[in-house]
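1. what's the 3D shape of this:
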Amino acid sequence: MIKIARGKGDKMIFTEWKDFKTDSEYYTKKSFEEEINDRFNAMYFEAGDQLPKYIWTDHYVVMVKNNTRMINDISFIKIPRHPECS
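-> Numbering: from 1, shown residues only. The predicted model follows:
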C-alpha cells in the first residue's frame, strides 16, 4: 500500500486487490478481471470510501462511477493506458 497525504484526508493506492461490494454485487479480483477482461495492477481509494475511485489494469485505467444516489450501484469506465497515436 502507498499512502498519499495531501489536502483533505488521506488517499491510498493498493497494489494488492481489496474486495469491495455494492448493493447488488460483490467484486473479487477474479470477478473484476473477468468483467474487464484484463489483469489487475493497483487501486486508488480516498480515506473513508468503501469503493475505489480508480483501478489500474495492464491496458486500462478504470474509473469507478456511481450510477445512482439512492442505491449503491456502479459502472466501470475503461480508459486505455496506451492510446493509439495517429
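2. For the helix or strand hosting residue 65, buried residues please.
-> According to DSSP states H and E, residue 65 maps onto strand 60-66. Buried residues in strand 60-66, counted by 16 or more other CB atoms under 10 Å: 60-62, 64. No exception for glycine: its C-beta is placed from N, CA and C like everyone else's.
3. Same list (the residues you listed) but as a markdown table, adding pLDDT and distance to residue 27.
-> A markdown table is the format used below for these (pLDDT from 0 to 100; distance: CB to CB, whole Å):
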| residue | pLDDT | distance to residue 27 |
| --- | --- | --- |
| 60 | 96 | 16 |
| 61 | 97 | 17 |
| 62 | 98 | 11 |
| 64 | 96 | 10 |
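4. want to throw those into CSV with distance to residue 32?
-> Output for the buried residues of strand 60-66, formatted as CSV (distance: CB to CB, whole Å):
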residue, distance to residue 32
60, 12
61, 14
62, 9
64, 10
